[in-house]
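**Student:** Got a predicted structure plus its sequence, pasted below:
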Amino acid sequence: MAVEHLALRVVFATNVVAGGSTGLTCLWAPKFAANQLFSGSMVPNLALSILGIFITSIAILSACGIYSPLPFASILLISVLVKVLFLVFFALPWLVRGRKGGMGGFPVPFTLLNVLGLVIMTPFIPWGYLFAL
């Protein structure tokens, strides 16, 4: 087994654990997720359920990536894109506006998970394979 494939498997496993626990928490304990993961910046509603479904789906597909890393590498690309979009369109505007935007508390745990996920995943994504370079 190539070292790159082992690293990808570890990244996929990390995605399963972090994404799976976050997604399932949003689905099975929405009040807890809204208060703890999102620091009160969300209310348990349809958007939180849809987020939970999406994150859990990525975690399930990441579990497939543990066994077959290259065919599922695009899942990591989607995961990175979602994290970047969250940081650009939610976290950064909140930090710039502060509480003036009418939102609740800043979702520190969820933001840290996204930043940590970017730091862990990005270097190991097989960019050349995905874009046939």
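**Tutor:** Cool, got the structure.
**Student:** check contacts around residue 63.
**Tutor:** 12, 16 (CB atoms under 8 Å, 6 or more residues apart in numbering). Just so you know, the C-beta spots here come from the backbone N, C-alpha and C atoms, and that holds for glycine as well.
**Student:** Look at it and tell me its secondary structure.
**Tutor:** What DSSP: H, G, I helix; E, B strand; the rest coil gives for residue 63 is helix.
**Student:** Residue 13 versus that one, what's the distance?
**Tutor:** 8 Å (CB to CB, to the nearest Å).
**Student:** Would you pull up how far stretch 62-73 lies from the middle of the chain?
**Tutor:** 16 Å (CA atoms, centre = their mean, to the nearest Å).
**Student:** let me redo that: stretch 70-79
**Tutor:** Taking CA atoms, centre = their mean, one finds stretch 70-79 lying 12 Å from the centre of the chain it belongs to.
**Student:** what mean pLDDT does it have?
**Tutor:** For stretch 70-79, mean pLDDT is 94.
**Student:** which parts of it are buried?
**Tutor:** Of all the residues in stretch 70-79, those buried under the rule 16 or more other CB atoms under 10 Å are 72-73, 75-77, 79.
**Student:** ok, and what's touching that stretch?
**Tutor:** So stretch 70-79 is in contact with 5, 8, 11-12, 15, 19, 58, 61-62, 64-65, 117, 121, 124-126, 129-130, going by CB under 8 Å, 6+ apart.
**Student:** taking these one by one, which sit in helices?
**Tutor:** Applying DSSP state H to those, the entries found in helices are 5, 8, 11-12, 15, 19, 58, 61-62, 64-65, 117, 121, 129-130.
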